[in-house]
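> Sequence first, predicted model second:
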2 protein chains.
Amino acid sequence: MTKMNIGIIGGGAVGMLCAWYFGKQGHNITMYVRREEQCKELRQHGMQMREEQTRLYPTVHRSTNLKPEEVYVICTKQHAIEQIVHQLSQTPFISPLLFLQNGMEHVNHFSKLKNPIIVGVVEHGAMKHSDTLIGHTGRGIIRISPVTSDVHSAKEIKDALHYVEFPVRLEENWYDMLARKLVINAVINPITALFQVKNGGILQNEHLNSLAYLLCEEACSVVSLPVNVMWEEVQHIAKQTEANESSMMKDIKEGNKTEIEAISGYLLKHSSESIPYTTCMYKSVRAIEGIRKGEVNE
Amino acid sequence: MTKMNIGIIGGGAVGMLCAWYFGKQGHNITMYVRREEQCKELRQHGMQMREEQTRLYPTVHRSTNLKPEEVYVICTKQHAIEQIVHQLSQTPFISPLLFLQNGMEHVNHFSKLKNPIIVGVVEHGAMKHSDTLIGHTGRGIIRISPVTSDVHSAKEIKDALHYVEFPVRLEENWYDMLARKLVINAVINPITALFQVKNGGILQNEHLNSLAYLLCEEACSVVSLPVNVMWEEVQHIAKQTEANESSMMKDIKEGNKTEIEAISGYLLKHSSESIPYTTCMYKSVRAIEGIRKGEVNE
């Protein structure tokens, strides 16, 4: 197996999960994180996976201080993408970039980059407990697919990252792959966030279930995917991850900004027709974000 | 002023508010309540209005035991209407009936009754603190309008009930009056219930405000009212009652069944076109009712 110098940008749940498993395989991991505090914590205590005894000590830098790497794995949330892309476009090294965001909003920024670009979707459940501790709450897979990278290089990266405990799979059609994930997120995320229910909630209540179907139908119409196939997939994922809290549910619970712009907002921007159920969920999640920030006298 | 024997059916906030003010005017009040417990409490302790020293001791019966009255004021929630109408239809006395429900669902049951029927809308804020204690949280008006009653009798009842502290006004067009209130409820109630904000919330957050407008537009299209006029009115009411909790917000908070069926559900049943924002709110409120009942594993 080829050992690589991997730069992981973003110290959230997905960034730490990737750092952990790629590091365990023997790659040289450098984590680039936004906050000085997390930087210090990781340098001092290393990273820990819940229920495991060992620690991983990656190299740690601030995300404003990018060093040459053989591949960057970008694990920030959508709303940090613009800034990260700007920084990457300023570096002299044209390393391959693997983007692991939810939604499809990041795709709009790719034209600013000369680097070979690969996109991926993360089908794992992960939970960040602290700046150094994570949990792997749902075992899944990472699917990746080349956008501007050639297929051969994408396959080499896939082979390097793939690991039986943390599988990585190559997909042919990146648009299709992202669109499928977008549909799933556009259904599960806003409902679980708005009603503060776990993923299984959309299967357990008839009204949430019918809202979920209506959202699935609208999302499929925007990204041109077959609704019957995707509705099966949404329900399958909701069942498989029924005890998991979606990232958007967590964001609302913890008073963080959600990724609603990149998910439902993307669909709204790219739809030629009215998609009222998606609009309703978009406005609702944005409203809750505002209420949490104290915009409304409760 | 004519003293009347008034039977008030329903011991909730509106029933108690009416009993208090009509009683204060010197009418003979009999309250008909559902629960034996409230019956006992009211008989023993009488009724009290918060921040007032006196007590009112109405006659109290179970609502299954209707006695002859000169007018019945029906103050139950919509979901109790079917049963109350059935009981009223079984009594030998054809007393005038004044219905004070939210929504318009009760109108469908009027054909089962031979009594002269008057409908009313309550523009007061009231809060039931216990089975014997209420608060008058927002001073307003009661508007009434004859449906199958002749106008003359309706005016007599209006004159008897009207009181400077608790004004009652006669309206010409009952459908219009109920429809206006329905539109206001269809906007304010589901939003405040879903987001657990006070009435003013729909003015304080841009996303709630735009959802409110979309709901107003749909409701107006179903009941054929002008949206520009009604949107002004909705905002005016929300401003006037900004610190009030809507009845639906309270029902959700307290784990009670809401009146969503009679409000948004009525619009859904009577709309010839798709009204997706109303549908979304309807399903959302029904979902929360279910979640509160533990239908979903949180």
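Structure's in. What do you need? Numbers count the residues shown, from 1 in each chain, chains lettered A, B, ... in the order given.
> CA only for contacts and neighbour counts going forward, please
Fine.
> which parts of chain A sit against chain B?
A:195-198, A:200-201, A:204-208, A:211, A:276-277, A:280, A:283-284, A:286-288, A:290-291, A:295-298 (C-alpha under 8 Å from any C-alpha of the partner chain).
> now the residues you listed: which count as buried?
By neighbour count, with 16 or more other C-alpha atoms under 10 Å in any protein chain shown, these hold A:195-198, A:200-201, A:204-208, A:211, A:276-277, A:280, A:283-284, A:286-288, A:290-291, A:296 as buried.
> now, which of the residues you listed lie within strands?
Per DSSP state E, strands hold no members of these.
> in chain A, what spans have low per-residue confidence?
Low-confidence segments of chain A (pLDDT under 70): A:1, A:296-298.
> how about 80 then?
For chain A, the stretches with pLDDT under 80 are A:1, A:294-298.
> Could you chop it up by domain?
Domain ranges of chain A: A:5-172, A:176-290, per automatic domain parsing.
> Which helix runs longest in chain A?
Across chain A, the helix with the greatest residue count (assigned by DSSP state H) is helix A:174-195.
> So which elements touch that helix?
strand A:117-122, strand A:142-146, helix A:201-204, helix A:206-223, helix A:227-240, helix A:247-253, helix A:276-292 (3 or more C-alpha pairs under 8 Å, 6 or more residues apart in numbering or on different chains; DSSP states H and E).
> mind checking which of these is nearest residue B:12?
Comparing the helices and strands packed on helix A:174-195 against residue B:12 with C-alpha to C-alpha, the closest turns out to be helix A:206-223 (28.4 Å).
> Which strands or helices does that closest one pack on?
In terms of contacts (3+ C-alpha pairs under 8 Å, 6+ apart), helix A:206-223 is packed against helix A:174-195, helix A:201-204, helix A:227-240, helix A:264-270, helix A:276-292, helix B:276-292.
> Select, out of those, the one closest to residue B:61.
helix B:276-292 (30.6 Å).
> Give me the contact status of that closest one with chain A.
Yes: Helix B:276-292 is in contact with chain A by C-alpha under 8 Å from any C-alpha, via B:276, B:277, B:280, B:283, B:284, B:286, B:287, B:288, B:290, B:291.
> Now the two most distant members of those residues.
B:276 and B:291 (21.8 Å).
> Burial check on residue A:217, number of neighbours?
Look at residue A:217: counted by other C-alpha atoms under 10 Å in any protein chain shown, it has 22 neighbours.
> Isn't it up against residue A:229?
No: in this structure, residue A:217 is not within contact of residue A:229 by C-alpha atoms under 8 Å, at 10.7 Å.
> Helices of the stretch 1-150 of chain A, start to end?
Taking DSSP state H, counting those that start in this stretch, the helices of the stretch 1-150 of chain A run over residues A:13-24, A:36-45, A:81-90.
> Relative to residue A:162, how far out is residue A:187?
Per C-alpha to C-alpha, to the nearest Å, residue A:187 is found 29 Å from residue A:162.
> who has more neighbours, these two?
More crowded of residue A:187 and residue A:162, by other C-alpha under 10 Å: residue A:187, with 29 against 20.
> How about residue A:43, nearest residue that isn't a chain neighbour?
Setting aside the residues directly before and after it, residue A:43 is nearest to residue A:60 in space (C-alpha to C-alpha, 6 or more residues apart in numbering or on different chains), at 6.3 Å.
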